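> got a predicted structure plus its sequence, pasted below:
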Amino acid sequence: MNQIGIAADHGGFELKVKLARALEHFGCRVVDFGAHDLVENDDYPDFVVPMAKAVADGVLARGLAICASGVGACIAANKVAGVRAALVTDCFTAHQGVEDDDMNVLCLGAAITGPSLAWDLVKIFLGANFVGSDRFRRRLAKVAALEMETAILLPF
C-alpha cells in the first residue's frame, strides 16, 4: 500500500496518534494532516478536508478520518469529489465498503471504537481491494455523475 493519510480533531487525536504509530510499525508510510497538538477547540474539517483532497487527487492511496463520533469527519470527507468515506464500526463493513463501493477513506469514532478494534478495522480496510464488477462500477459511475452535476451547479 502506498502512502496513507490520517487526520483527526481533538476528539480523535489520541486514537490518531496510536493508529499512526501502529501503521508505521506495520510498514506503511503515513502522512499526518493533524491535528499535531491536542487543542480542544479545533475543527475536524481543517484536518480531514486536506487529507480527503489528497486521497481524491491520488496523492494518497487511502485515508483515515477520526473525530469523537466519526460522523463529522465522515460528512466532511464526503464533501470532496472522488472521496468515498464511511463511518465503520464492524469488520464486515471495513472490507465490504472497499470491495463493493471502492471506499477510500475510513472514518472512525474515537469515543465509539476503542484502539484495539480500530486497529483491526484499519488493517481490514487496508487489506481489502475493490472487486470492480460491472454492477459496482455502474453504481460508482452514478455517484460520480452526481458529483459532477453538483459541481456544475455551484457558482464557485
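Now that the structure is in, tell me what you want to look at.

> the longest helix along the chain - contacts with which helices or strands?
When the chain is scanned for its longest helix (criterion: DSSP state H), the result is helix 134-153. For helix 134-153, the elements it packs on are helix 91-101, judged by 3 or more CB pairs under 8 Å, 6 or more residues apart in numbering; DSSP states H and E. For every residue, glycine as well, the C-beta is placed using N, CA and C.

> what's around Thr93, how many residues?
By other CB atoms under 10 Å, 18 other residues sit near Thr93.

> which residues are contacting the helix or strand of the chain with the lowest mean pLDDT?
Averaged element by element with mean pLDDT, DSSP states H and E, the chain has its least confident helix or strand at helix 134-153 (a mean of 76). Contacts to helix 134-153, defined as CB atoms under 8 Å, 6 or more residues apart in numbering, come from residues Ala81, Gly82, Arg84, Asp100, Asp101, Asp102, Phe130.

> buried only: go through the residues you listed for me.
Using 16 or more other CB atoms under 10 Å as the burial test, those include Arg84, Asp100, Asp101, Asp102, Phe130 as buried.

> got phi/psi on Asn78?
Note on Asn78: its backbone torsions stand at phi -70, psi -10 [degrees, to the nearest 10].

> pretty sure it sits against Ala85.
Yes: between Asn78 and Ala85 there is a contact at 5.0 Å, judged by CB atoms under 8 Å.
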